[in-house]
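# take this sequence and fold it.
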Amino acid sequence: MAWRNPLVPIPTEPIGSIPRPPEFIAATARLGRLDPALDALCDAAVKDTVERFEATGSPVITDGEQRKYQNFWTYSVEGSANTTPDGFRIPFAAGHTRRMLKLVKGPFRYERYADCYIDIAQRYTRMPLKQAVISPSALSLMYPAEGIPGYSRDEFMVDLLGEHEKEIRRCLQKGVHAVQVDFTEGRLAMKVDPSGNLLESFIDLNNLALARFSAQERARIGVHTCPGGDRDSTHSADVDYAALLPALFELKAGNFYVALAGERDPHYALRLIREHMKPGQRIFVGVVSPIDPRLESVEEIRDRVLEAAEYIPVDRLGTTDDCGFSPFCDDMSTTRGQAFAKIAARVQGTRLASQELGIE
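Got it, this is the predicted structure:
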């Protein structure tokens, strides 16, 4: 194995979401997701989350997406009077479905930007914070196939890209360690349209957004891909990574967070990554599976990192979780304790691998 000693430990970062406290979930169901009465409970959840994140030893943390009351992909448009709940439908292998909101009139505007979550988290921690945002391609699914009278798809796209750029810039200005663009719909696109046309359109749209940022800014912007993770189930794990990864690495981002621990054949995926990754891209490989109730051992994670180092240069390798632990706020399939135990194992396992490689 040939690699250049980067003289620093292998970086490790979370994806984002942590299960909400049960009392918070119950209050949300009782009061409604946008009720101001939830604020105190939510602030307490954020404080507890960042404190427990710090206790894992994680060098980068998140607020656990506690304030994304609905989910990771409609947080920015929840409460919009321009939408209805009967949008794009995603079926999961467990038999349940989730829906995107549907835009029914223009103009398209965010109701909130993700930097507002940073403001709250920074009250409780001085640790480097990572902020996840939803991709333009995911939100593009809000525009109906039949169109909207008086508001063309082209007009929608202009507004969408403008809102996405604004959100990322606001996060970067708040001093976040990194902004992660959630792109779970990438693999799903190949299931919906095996021709690849839908995926290609997603890549093109997201690159239009990324092109608005400088090379220095893109070094702090990453893209996360996974086959979905909700109620211990996925929406597109049956899609061959070979259908996604070549296109994924065409995105002009500096970092890529790639689900790997839950793959049937991680070595196959690693070979694809080695073949298609581009110069300057850092690959954070998933070494923990949030939808697997089993707690991975520190040694198991160490070995997964060492295996990845056989395919990815160590100075371009990082580790992460396959997915968030609770992308949808009502998902109680994993407890907060389980989530933080897995994160602590990832941190310790990555550290062991760094020591074995002689870089810590």
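# buried residues in stretch 293-304?
For stretch 293-304, a neighbour-count test (16 or more other CB atoms under 10 Å) marks Glu296, Val298, Ile301, Arg302, Asp303, Arg304 as buried. (Each C-beta comes from the backbone N, C-alpha and C, glycine too.)
# typo on my end, stretch 240-256
So stretch 240-256, judged by 16+ other CB under 10 Å, has buried residues 241, 243-245, 247-249, 251-256.
# which two in these are spaced the farthest apart?
Spatially, the most separated pair among these is Ala243 and Gly254, at 23.7 Å (CB to CB).
# quick one: the helices in this structure?
Residue ranges of the helices in the chain, as given by DSSP state H, are 22-31, 39-55, 115-121, 136-140, 153-173, 185-192, 197-210, 215-218, 245-248, 266-276, 298-309, 336-356.
# quick one: which of those helices is nearest Asp292?
Taking CB to CB, helix 336-356 is the member of the helices of the chain nearest to Asp292, at 8.8 Å.
# what angle do the closest one and helix 22-31 make?
With axes from the mean of the first three to the mean of the last three CA atoms, to 10 degrees applied, the angle from helix 336-356 to helix 22-31 works out at 130 degrees.
# what comes into contact with helix 336-356?
9-10, 12, 14, 18-19, 21, 52-53, 55-59, 287-288, 290, 293, 295-302, 304-306, 309, 319-321, 325-326, 360 (CB atoms under 8 Å, 6 or more residues apart in numbering).
# among those, which ones are buried?
Among those, those buried by neighbour count (16+ other CB under 10 Å) are 10, 12, 14, 18-19, 21, 52-53, 56, 58, 287-288, 290, 296, 298, 301-302, 304-305, 309, 319-321, 325-326.
# which residues does Ser326 contact?
Ser17, Ile18, Pro19, Arg20, Glu65, Thr334, Ala339.
# the first one - nearest residue in space that isn't next to it in sequence?
Nearest non-adjacent residue to Ser17, counting by CB to CB, 6 or more residues apart in numbering: Gly324, 3.2 Å away.
# contacts only, for the one you found.
In this structure, Gly324 makes contact with Ile15, Gly16, Ser17, Ile18, Glu65, Phe72, Ala132, Gly229, Pro290, judged by CB under 8 Å, 6+ apart.
# do the same with Val179
Val179 touches Lys130, Gln131, Ala132, Val133, Ile168, Cys171, Leu172, Arg220, Ile221, Gly222, counting by CB under 8 Å, 6+ apart.
# for Glu263, same thing?
Counting by CB under 8 Å, 6+ apart, Glu263 touches Tyr241, Ala269.
# one more time with 6 Å, if that's ok
Glu263 sits next to Ala269 when contact means CB atoms under 6 Å, 6 or more residues apart in numbering.
# just want the phi and psi numbers for it.
phi -70, psi 150 (degrees, to the nearest 10).
# find the centremost residue of the protein, please.
Asp182 (4.0 Å; CA atoms, centre = their mean).
# so of the contacts of Gly324, which ones are in strands?
Per DSSP state E, strands hold the following members of the contacts of Gly324: Ala132.
# just checking, the residue nearest to the centre of the chain touches His224?
Yes. The pair formed by Asp182 and His224 meets the contact definition of CB atoms under 6 Å, at 5.2 Å.
# what's the most distant pair in the contacts of Ser326?
Among those, Glu65 and Thr334 lie farthest apart (CB to CB), at 13.6 Å.
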